[in-house]
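Undergrad: I would like to see how this sequence folds:
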Amino acid sequence: MLRIEKAIFTIVLAILFDLIAVASPPVAVLTDADPGIQLLFSGDPNTTESSFHDPADAAPSPDCAQTAPRAGLGDGGGKGHNELLHCDNWDFGTKDWGQAGFLQGSFTLGESPFSDDGGWECSGNEGAGGYNPCVNSTIRVVSTFKNTPPPGTSTSGGQPMSELKDWVVSFDFKYEFGAGDTFGADKLFEIGANVTLLQVVGSGESNGSFLADGTPHRYTLVHGTGVPNESIRTPIDQPLSEGKFTVHYKSANQRMDLWLDDTLLVPDFQGIVGTNYLARFIQFGGGGMSFENALYDNVLMGVVAQACGPDGPRATGMPGDFNCDGTVDVADLGIVGANFNASEVTYVDGDANLDGAVDVADLGVVGANWTAAQSASLTRALQSTGLPEPATAALLGVGLVVCLYRARRRLIA
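TA: Numbering: from 1, shown residues only. A predicted model of the protein is given here:
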């Protein structure tokens, strides 16, 4: 009977893996003990005064026009490189963590769908008289400890993230084509250590983010193969025009996941530089044509809060989350299945009630705290076919295992 029970448990888990969407991506948190980046952008995007600043004016008004004077390296009087020299309304600097070290192109603060403050934007490639203000527009920011200058230069230094902790990079973006533009860009974003870890670039060759048949918004992930400094291109088979990108480095297996909103685009890929995951900078645009029509907002790099440990859930966790990822889902049910009836175990082995064994009581804790991680669209799709929604199916699976366990106990008695 025990072998039958384990076989059915395995079948239940396989069904649940098919029914349940992967949990939502982890969220970056900023702590006083870890480096990170917080680049939010602020100001009113409606203040785009076009009058040119007159140096002879004793009380000049700030000039926030795209063609207004820009600060050079080290001569901006507190302004970052290439920021608008006389526009004090907009802020492209970091907040507490990180340092924006290199800005290029005639970017402005644009209307953002992700915040009231606006976002970093270059709104088109073709200006008046053929002027291209956004060719190769670029922003690079390095990670630091809280309110601490980065080691090295602000363009290539930075305090690296630890390879022993899960870290996360996330940002919002919107990409659209302006009038007169015929190509996208070759680099949407890049994460680097001492050299590049990964890039998301346009899938076309001379066509940027257009495919050969003219299909827009098609991009490719450039990542590693396991051989240091050897890269491979993995196409992202869906249009990318707006949303939140998340990159999650997983210290347990030294792999990364790429997410768009709540969709896992590419799981378990390696960095270009092999085993070096000491991420220290994020770059948007740059490298050629650039993303001249992209808007970026809410840029974060931080660690993943640990939701549990061998002694149980932390303040941010919940009972039954044995892999400490912030959700109680099929992965936690799998941990119970792998250690069912085992003794000399801890919380992370599936011992939810900390009684020294993994048994039916721990299954009950998983069922009581189950997290519905699927998207609303998946739920509606399942309901339209008459199938139970994933959370319901999962609880049915837990119930089946519990019933089998109790039946076996009665037979033994």
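
Undergrad: now the helices for the stretch 201-350 of the chain?
TA: 330-338 (DSSP state H, counting those that start in this stretch).

Undergrad: where does it have low pLDDT?
TA: 204-212, 214, 287-292, 315-316 (pLDDT under 70).

Undergrad: make it 50
TA: 290 (pLDDT under 50).

Undergrad: ok, which stretches of it are strands?
TA: 219-224, 231-236, 242-250, 255-260, 263-269, 281-285, 294-304, 308-309, 312-313 (DSSP state E, counting those that start in this stretch).

Undergrad: and for the stretch 1-150 of the chain?
TA: 28-29, 37-39, 99-104, 108-110, 119-121, 138-142.

Undergrad: any chance of these in CSV, plus mean pLDDT, distance to Ala68 and mean neighbour count?
TA: C-beta: built from backbone N, CA, C; applies to glycine. Formatted as CSV, the strands of the stretch 1-150 of the chain follow (pLDDT from 0 to 100; distance: least, C-beta to C-beta, whole Å; neighbours: other C-beta atoms under 10 Å):
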stretch, mean pLDDT, distance to Ala68, mean neighbour count
strand 28-29, 89, 33, 19
strand 37-39, 95, 22, 24
strand 99-104, 83, 14, 22
strand 108-110, 84, 9, 23
strand 119-121, 89, 15, 25
strand 138-142, 90, 18, 25
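
Undergrad: pipe the ones you listed into TSV and attach distance to Trp167 per row.
TA: Output for these, formatted as TSV (distance: least, C-beta to C-beta, whole Å):
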stretch	distance to Trp167
strand 28-29	7
strand 37-39	10
strand 99-104	17
strand 108-110	28
strand 119-121	22
strand 138-142	14
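
Undergrad: to Val303, which of those lies closest?
TA: Val303 lies closest to strand 28-29 among the strands of the stretch 1-150 of the chain, at 6.2 Å (C-beta to C-beta).

Undergrad: got any ranges where the stretch 1-150 of the chain has weak pLDDT?
TA: 15, 17-22, 49-53, 58-61.

Undergrad: repeat the analysis, applying 70 as the threshold.
TA: In the stretch 1-150 of the chain, residues with pLDDT under 70: 1-23, 46-62, 74-77, 123-132.

Undergrad: correct me, but Ala352 touches Pro319?
TA: Yes: assessed by C-beta atoms under 8 Å, Ala352 is found in contact with Pro319 at 5.5 Å.

Undergrad: the strands of the stretch 201-350 of the chain: which one's closest to Cys324?
TA: strand 308-309 (4.2 Å).

Undergrad: would you map out the domains in the chain?
TA: The record's domain parsing of the chain by automatic domain parsing lists 2-23+309-412, 28-47+90-304.

Undergrad: end to end, how far does the last one reach?
TA: Right, the one you point to is domain 28-47+90-304. Using C-alpha to C-alpha, to the nearest Å, one end of domain 28-47+90-304 lies 5 Å from the other.

Undergrad: state the number of residues packed around the nearest residue to Asp96 once chain neighbours are set aside.
TA: Leaving aside its sequence neighbours, Asp96 sits nearest to Lys146 (C-beta to C-beta, 6 or more residues apart in numbering; 5.4 Å). Here the number of neighbours of Lys146 (other C-beta atoms under 10 Å) works out to 15.

Undergrad: isn't Lys146 up against Thr94?
TA: No: applying C-beta under 8 Å, one finds Lys146 not in contact with Thr94, separated by 10.8 Å.

Undergrad: help me confirm that Ala361 is found in a helix?
TA: Yes: using DSSP: H, G, I helix; E, B strand; the rest coil, the assignment for Ala361 is a helix.

Undergrad: now it: closest residue in space that isn't a chain neighbour?
TA: Nearest one to Ala361, counting by C-beta to C-beta, 6+ apart, is Asn353 at 5.5 Å.

Undergrad: residue contacts, that neighbour?
TA: 361-362, 365 (C-beta atoms under 8 Å, 6 or more residues apart in numbering).

Undergrad: which of these ranks first by neighbour count?
TA: Result: Asp362 is most packed of these (other C-beta under 10 Å), 27 neighbours.

Undergrad: surely that residue is in contact with Asp351?
TA: Yes: counting by C-beta under 8 Å, Asp362 touches Asp351, with 6.1 Å between them.

Undergrad: re the thing from before, now do the contacts for the residue nearest to Asp96.
TA: 30, 32, 36, 96-97.

Undergrad: do you know how far it is from Ile37?
TA: 11 Å (C-beta to C-beta, to the nearest Å).

Undergrad: tell me, what's touching the two both at once?
TA: Shared contacts of Lys146 and Ile37, counting by C-beta under 8 Å, 6+ apart, come down to Trp97.

Undergrad: count the neighbours of the residue nearest to Glu344 when sequence neighbours are not counted for me.
TA: Among residues not flanking Glu344 along the chain, Gly356 sits closest, at 6.9 Å (C-beta to C-beta, 6+ apart). When counting by other C-beta under 10 Å, one arrives at 12 neighbours for Gly356.

Undergrad: and for the one 3 residues further on?
TA: Burial of Asp359 is recorded as 20 neighbouring residues (other C-beta under 10 Å).

Undergrad: could we number from 31 for the rest of this?
TA: Got it, first residue is 31 now, which makes that one Asp389.

Undergrad: I figured it hits Ala372, correct?
TA: No: Asp389 is beyond contact range of Ala372, at 9.1 Å (criterion: C-beta under 8 Å).

Undergrad: gap between the closest residue to Val57 other than its chain neighbours and Gly128?
TA: Nearest non-adjacent residue to Val57, counting by C-beta to C-beta, 6+ apart: Val198, 6.8 Å away. Using C-beta to C-beta, Val198 is found at 14 Å from Gly128.
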